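**Q** task: produce atomic coordinates for the following.
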Amino acid sequence: MARTLSGKRNPLGLALGVGQLLLAAPMLATLATGGLVIAVMGMAAGSSAVVAVPAALLMLLGPLLGLGLALLVTRVHDVPRHVVFPVISFGLLLGTAIEYVGIFQQ
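**A** Just a heads-up that it's a prediction; the model follows:
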C-alpha cells in the first residue's frame, strides 16, 4: 500500500489510484478487444500478420504512452512514494481516455 514518509498508510492516495484504474478498465478492455478484432479480421481477410499485428498494437499505443509519460514524470520530478501510484494510474487513465475518445466516439 502507499505509505507516507512517516510510515503511515495513505488511504486517500490508494483510493484515488484504485478509482482511476476502475474508470480506465472498461475503456482499456474495449481497446484491447478492438485490437484483437482488427488483428483476427485482418488475417481472416487474407492480410499478412505484418499488416494486421501493427494495426492491433496501434490500439494500445495511447494507454502505453500515458503510462510511460506518468512513469517518466515520477522519475524526473522525484515524486514522493505515496503519490506515485495515483500519478501512474492517472497516466494510464488519461492515455486510455484520449485513445478511446479519438477512436470510438467519432
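**Q** quick check: phi and psi at Leu60.
**A** phi -100, psi 10 (degrees, to the nearest 10).
**Q** contacting residues for it?
**A** For Leu60, the contact set (C-beta atoms under 8 Å, 6 or more residues apart in numbering) comprises 31-32, 35. Where you see a C-beta, it was placed from the backbone N, CA and C, and this is true even at glycine.
**Q** just among the residues you listed, which is most surrounded?
**A** Most neighbours among the contacts of Leu60, by other C-beta atoms under 10 Å: Leu31, with 22 neighbours.
**Q** now that residue. Nearest residue, chain neighbours left out?
**A** Nearest residue to Leu31 in three dimensions, chain neighbours excluded: Met59, at 5.1 Å (C-beta to C-beta, 6 or more residues apart in numbering).
**Q** tell me how many other residues crowd that neighbour.
**A** For Met59, using other C-beta under 10 Å, the count is 21.
**Q** next up, the contacts around it.
**A** 31-32, 34-35, 38, 99, 103.
**Q** which secondary structure elements does the helix ranked longest in the chain contact?
**A** Taking DSSP state H as the criterion, the chain has its longest helix at helix 11-44. Applying 3 or more C-beta pairs under 8 Å, 6 or more residues apart in numbering; DSSP states H and E, one finds that helix 11-44 makes contact with helix 49-58, helix 61-76, helix 81-104.
**Q** what's the angle from it to helix 61-76?
**A** 140 degrees (axes from the mean of the first three to the mean of the last three C-alpha atoms, to 10 degrees).
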